[in-house]
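# here is a sequence together with a model predicted from it:
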2 protein chains.
Amino acid sequence: MVPSAVRVGLLGLGTVGQGVVQVLERNRADIERKVGRGIEIVRALVRDPSKPRPEGLPAERITGNVEEILGDPEVRIVVEVMGGTGPAREYILRALRSGKSVVTANKDIMAEHGAEVWAAAAAGGADVFFEASVGGGIPIVRAMKQSLAGNCVRRVAGILNGTTNYILTRMSREGLSLAAALAEAQAQGYAEADPSADLDGLDAARKLCILSSIAYSTRCRPAEVFRQGIRDIGPADIAYGARMGWICKLLGISELRKGAVSMRVHPAFVRREHPLAAVSDAFNAIYIQGDAIGEAMFYGRGAGSLPTASAILGDLMDAARFIDRGGSGTACTCFHQRPVEDIGAVISRFYIRLHVDDRVGVLAQIADAFGRCDVSILSVLQSPLSPGEALTGESGEGERAELIVVTHEVREDSLERAIAGLRRLASVRGVGAVIRLAPEDL
Amino acid sequence: MVPSAVRVGLLGLGTVGQGVVQVLERNRADIERKVGRGIEIVRALVRDPSKPRPEGLPAERITGNVEEILGDPEVRIVVEVMGGTGPAREYILRALRSGKSVVTANKDIMAEHGAEVWAAAAAGGADVFFEASVGGGIPIVRAMKQSLAGNCVRRVAGILNGTTNYILTRMSREGLSLAAALAEAQAQGYAEADPSADLDGLDAARKLCILSSIAYSTRCRPAEVFRQGIRDIGPADIAYGARMGWICKLLGISELRKGAVSMRVHPAFVRREHPLAAVSDAFNAIYIQGDAIGEAMFYGRGAGSLPTASAILGDLMDAARFIDRGGSGTACTCFHQRPVEDIGAVISRFYIRLHVDDRVGVLAQIADAFGRCDVSILSVLQSPLSPGEALTGESGEGERAELIVVTHEVREDSLERAIAGLRRLASVRGVGAVIRLAPEDL
């Protein structure tokens, strides 16, 4: 006997919600045969039900009243694609507590309120699926929770934000300034009017937390992630990197070291031969290192209506498959309470761009400032500066030179002290981008 | 109440089986917390129980009698890592029919006898997991069966054989001959003494069938795959490709076109910028194109004891999670019966290397031979040949030249006729490698 169709409520009918409706309609026959039963979106919650909608759901299924979804015991699965941590959070918690399985694309909620979501799921005996919250359509959450679950993961390194990857790709390929590349990203719809969450690495930090919580079985919080955005990166840095065989990427990196978790989001130079270096435009990729798998990478579109809908539909199909079996048996796996490693103790190699007075003795002063802080220098490249090539806040008098310093492996706190020391030198006119080199064993 | 440990029987204790034991022992505490119960390998079947084993399982758990596993009702899950289609096939079928879930790494059985395996699973109400049968540790099977299940997949393109990818990488980086690169692969343990299944594309064809069966919901058989191996590829071809910005890979490609499935394994030139081009050495990668996901790629080690153990453990954990819930709800999804597109109708661009007499009029003859078969030529590159640079079977008299012909998009059967026509020309001394260019929309 074929079971009856599963009734689904959709919270939100923006671009992602419409993508879900569209792909479900288009591929319905195969989707239902794979699941073994029908999947029916019986209600979709919108802010203004009177607003005209593109084709898809019949008008009578669109509602402004969330009770028609959360209060309907026949609705077994709730798909949340509203975004934000406002009402969406309460709706998710209520749905789970009343035994409805939840499929969500909400990275903010999963990163900031994951524990509470899992507790509600346990209380209601319901499933929570959140593949779409990281990496858009890339099947990384299920891969880590199930396929790689036998591994002790030691590192996650990801290009987790498509906007900044698009910007860095355009800067790299066309020599654009950050501002010009950002304007392009906005024109293409990749960046929002206020791009801060992207440029400053907050969006990437949230996704890194979701992945790290799964990877290390410990609750990771966005506030624990060291963040440095891409605002200081200029085309000159990208060009210097290219000469050395490096590509600049905004990486989210987390590592398990001696039982502690280290998490950071910052621009990093990746060797041109590394698989992450080939990830261009608005694509995302997640690179995993574990004790059994060795290394694995997952690549795809990190955002967009249809890729996100792909992830949501995969989750929705699983939710439908398990709804009459007492759930999927997956639950919160944050059973460790791992300490967070202080960023100061993390060891990296650094690239630093400086503007200095172009005269005898300056290089010795600079080398001394690094040496005092135990920062060992691998190489220094000096070039004369054309007039007008000034760093932010740089005073414009006298002959100057540009120095590119690359360090050996040093602790973050040592490097920080060295930079502070440099800033105190009268001969140092400006400190430009500080870019970490990706770990050598990445 | 914590459920009792799940009792598992292991069929085979070779390098993969030992890897499974090793990783399970090492990560046991976390693995069991994730699953919510213990996992105990109570018996391992070996050919010769008297043979000394590396540490891992206690000696009393090692047996030469398969009945101690298949005949024991307490054994709920069977992990098959014997390989081959001999006794492993009967053991898998028996286990499934008696309600034991099966985790297998056996690509031969899944590709050649998939229908019978699924039928046995349905008869016994048991689960079958086979993540390790394709791409070693790369989590591609679960991704396609679940995460991407909402998509209409239109293409799968994979580097599915690590041995040939290692060989092609060494030829590309070091200019080695195929024979020299093969000898290196054998010394490294990447290639077997008889490398035919790798070099001729049979191994890749089997994996392509497993992926294609899932992708298009139709049973795909290795005999239906067009195969061309890498034996004709020389360092000269790879060097020519490099000059044009192409990297040579052995690709397994399947496509869904007008309801029919096309499957082929052959060397292909991939644009240097494509993510597949960056997949080097013994790594594998699977590139998927679907209507919602757009494109996604999965990268990792396609073989080896621990990567394969990673995939098996992920499956084993799922099997353990579902064993008391009436199974995972996944089943055979080959509900379509799609026709297989004839290779002759497939359209590609081709690279062809020829040795010809170096005299006036020859080029016109060759262009004519192509033109008669409706093969439109994009470019011809002519270089003088050094003495001794002969193709297999080439006669060695007179001045000769090497021609590299690249065609526009043509049907396979047209190209085949054109090549037959070329072979009949007295001025054509030898036809070397014929390499397809990867589809333009890959």
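Cool, the structure landed.
# tally of neighbours for the residue in the stretch 101-250 of chain A that chain B sits nearest to?
Chain B sits closest to residue A:150 of the stretch 101-250 of chain A, with a gap of 2.8 Å, by Cβ to the nearest Cβ. C-beta here means a position set from N, CA and C on the backbone, and glycine is covered the same way. By other Cβ atoms under 10 Å in any protein chain shown, 31 other residues sit near residue A:150.
# might one say that it is in contact with residue B:314?
Yes. Using Cβ atoms under 8 Å as the test, residue A:150 is close enough to residue B:314 to be in contact (5.6 Å).
# who's in contact with residue A:122?
Residues counted as contacts of residue A:122 (Cβ atoms under 8 Å, 6 or more residues apart in numbering or on different chains) are A:331-332.
# what is the mean pLDDT for the host helix or strand of it?
Assigned by DSSP states H and E, residue A:122 belongs to helix A:107-124. Averaged across helix A:107-124, the pLDDT comes to 97.
# mind giving me the packing neighbours of whichever helix or strand comes after it?
Reading on from helix A:107-124 to the C-terminus, the next helix or strand found by DSSP H and E is strand A:128-129. Applying 3 or more Cβ pairs under 8 Å, 6 or more residues apart in numbering or on different chains; DSSP states H and E, one finds that strand A:128-129 makes contact with strand A:101-104, helix A:107-124, helix A:305-322.
# thinking again about what came up before, would you mark the buried spots in the helix holding residue A:122?
Buried residues in helix A:107-124, counted by 16 or more other Cβ atoms under 10 Å in any protein chain shown: A:107-114, A:117-118, A:120-121, A:124.
# from those residues, pick the one nearest residue B:179.
Among these, residue A:107 lies closest to residue B:179 (Cβ to Cβ), at 51.8 Å.
# get me the contact residues on the stretch 151-300 of chain A for chain B.
With Cβ under 8 Å from any Cβ of the partner chain as the criterion, the stretch 151-300 of chain A comes near chain B at residues A:151-152, A:217, A:273, A:275, A:277-280, A:290-300.
# buried ones among the residues you listed?
With burial judged by 16+ other Cβ under 10 Å, the buried subset of these is A:151-152, A:217, A:275, A:277-280, A:290-300.
# filter these down to just the ones in helices.
When DSSP state H is applied, those are split such that none fall in helices.
# out of these, which sit inside strands?
Counting by DSSP state E, these place A:290, A:294-300 in strands.
# which stretches of chain A have low pLDDT?
Applying pLDDT under 70 to chain A flags residues A:1, A:387-388, A:395-396.
# give me that answer again for 80
Scanning chain A for pLDDT under 80 picks out A:1-2, A:54-55, A:386-390, A:392-398.
# which residue ranges of the stretch 251-400 of chain A form helices?
For the stretch 251-400 of chain A, the helices defined by DSSP state H, counting those that start in this stretch occupy A:305-322, A:362-372.
# in JSON lines: those helices, plus distance to residue B:171 and mean neighbour count.
Below are those laid out as JSON lines (distance: least, Cβ to Cβ, whole Å; neighbours: other Cβ atoms under 10 Å in any protein chain shown):
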{"stretch": "helix A:305-322", "distance to residue B:171": "36", "mean neighbour count": "27"}
{"stretch": "helix A:362-372", "distance to residue B:171": "44", "mean neighbour count": "16"}
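# which one of those lies nearest to chain B?
Counting by Cβ to the nearest Cβ, chain B lies closest to helix A:305-322 out of these; the figure is 2.8 Å.
# which strands and helices sit next to the closest one?
Judged by 3+ Cβ pairs under 8 Å, 6+ apart, helix A:305-322 is in contact with strand A:6-11, helix A:15-26, helix A:28-35, strand A:39-45, strand A:75-80, strand A:101-104, strand A:128-129.
# between it and strand A:294-301, how many degrees?
Interaxial angle, helix A:305-322 versus strand A:294-301 (axes from the mean of the first three to the mean of the last three Cα atoms, to 10 degrees): 120 degrees.
# tilt between helix A:305-322 and helix A:15-26?
Helix A:305-322 and helix A:15-26 are oriented at 60 degrees to each other (the same axes, to 10 degrees).
# C-alpha coordinates for helix A:305-322, PDB please?
Listed next in PDB are the C-alpha coordinates belonging to helix A:305-322 (Å, rounded to 0.1, in the frame of the first residue of the first chain):
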ATOM      1  CA  SER A 305      17.800  29.900  -5.800                       C
ATOM      2  CA  LEU A 306      18.100  26.500  -7.500                       C
ATOM      3  CA  PRO A 307      21.300  25.200  -5.900                       C
ATOM      4  CA  THR A 308      19.900  26.000  -2.500                       C
ATOM      5  CA  ALA A 309      16.600  24.300  -3.600                       C
ATOM      6  CA  SER A 310      18.600  21.200  -4.600                       C
ATOM      7  CA  ALA A 311      19.900  20.900  -1.000                       C
ATOM      8  CA  ILE A 312      16.500  21.500   0.500                       C
ATOM      9  CA  LEU A 313      14.800  19.000  -1.700                       C
ATOM     10  CA  GLY A 314      17.400  16.300  -0.800                       C
ATOM     11  CA  ASP A 315      16.600  17.000   2.900                       C
ATOM     12  CA  LEU A 316      12.900  17.100   2.300                       C
ATOM     13  CA  MET A 317      13.000  13.700   0.600                       C
ATOM     14  CA  ASP A 318      14.900  12.300   3.600                       C
ATOM     15  CA  ALA A 319      12.500  13.900   6.000                       C
ATOM     16  CA  ALA A 320       9.600  12.400   4.100                       C
ATOM     17  CA  ARG A 321      11.300   9.000   4.000                       C
ATOM     18  CA  PHE A 322      11.800   8.900   7.700                       C
END
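# let me know the angle separating it from strand A:6-11.
140 degrees.
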